[in-house]
Structures are given as C-alpha cells and as structure tokens.
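Chemist: Coordinates for the following, if possible.
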Amino acid sequence: MLRSAFAVLLTSGVVLAELSLGTACSPAAPAEVTTELQIGGMVCDSCSQAITAALGKRDGVQTVHVDHVTGTAKIRHDPARTSREALVAAVTALGYTVAAP
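Modeler: Below you'll find the predicted structure:
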C-alpha cells in the first residue's frame with residue numbers, strides 16, 4: 001500500500017500542515033450544539049423558570065431559553081458532556097412531556 005505524505009512548508013521550512021494519504025479523516029465533534037425541545041404542559045412563566053433551572057444544572061449546558069407561550073426550549077450545550085436524552089430526562093422528571101424529534 002502506498003503511504004505518502006504531503007507537507008506545506010513556509011519559506012523558513014516550518015511545517016504548517018501534513019496530510020497522510022491512505023488514512024481516513026474524520027471531522028472533530030462540535031464543541032457545542034443547540035438542541036430544541038418541544039415541551040408539553042407548560043402554562044405559565046413559573047413552568048419555564050423551573051425547566052430553565054433544571055436544564056441549567058446539567059453538565060455541559062451553556063445557555064437555556066424556555067418559552068412557555070411557544071412550548072419550546074433551546075439549549076446550547078456540549079454534546080460530549082450532555083446528550084439530548086439527558087436533557088429530555090431533566091424535563092420529564094419535572095412532570096412535563098417532550099415530543100419526539
């Protein structure tokens with residue numbers, strides 16, 4: 001199997017990048033994603049505050065926006081530290097429902 005490398009060099013001879021042919025490249029996992037949940041059972045601002053507090057306690061969550069009028073929650077989080085399933089579990093533990101994606 002042919003294995004060769006290609007390097008991009010500056011005039012000073014410093015390697016900027018190297019590509020090995022014959023190896024698979026995979027993109028890095030995103031550092032953060034936004035997950036949107038459709039939540040049932042919210043009727044007032046106190047409901048959205050309770051859900052915001054519960055989601056905000058999850059590991060890896062950066063921001064939470066819950067709107068009881070539209071029944072949505074938008075959560076920006078690190079997917080390596082918190083999954084969609086963990087976010088759903090935090091909401092359902094309070095007695096609300098979450099629609100399937």
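Chemist: so what's residue 40 up against?
Modeler: Residues near residue 40 by Cβ atoms under 8 Å, 6 or more residues apart in numbering: 71, 96, 97, 98, 99. Yep, even glycine has a C-beta here, placed from its N, CA and C like the rest.
Chemist: wait, isn't the last one in contact with residue 36?
Modeler: Looking back up the chat, that one is residue 99. No - with contact defined as Cβ atoms under 8 Å, residue 99 does not count as touching residue 36 (10.3 Å).
Chemist: one step back: which among the contacts of residue 40 end up buried?
Modeler: With burial judged by 16 or more other Cβ atoms under 10 Å, the buried subset of the contacts of residue 40 is 71, 96, 98.
Chemist: what about the first one, distance to residue 98?
Modeler: Meaning residue 71. As judged by Cβ to Cβ, to the nearest Å, residue 71 and residue 98 stand 10 Å apart.
Chemist: circling back to that earlier point, could you dump the contacts of residue 40 to a markdown table with secondary structure, pLDDT and distance to residue 86?
Modeler: Below are the contacts of residue 40 laid out as a markdown table (DSSP: H, G, I helix; E, B strand; the rest coil; pLDDT from 0 to 100; distance: Cβ to Cβ, whole Å):
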| residue | secondary structure | pLDDT | distance to residue 86 |
| --- | --- | --- | --- |
| 71 | coil | 97 | 20 |
| 96 | coil | 98 | 15 |
| 97 | strand | 98 | 16 |
| 98 | strand | 98 | 12 |
| 99 | coil | 96 | 17 |
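Chemist: with those residues in mind, which one is nearest to residue 81?
Modeler: Nearest to residue 81 among those is residue 98, at 19.5 Å by Cβ to Cβ.
Chemist: Cool, thanks, signing off.
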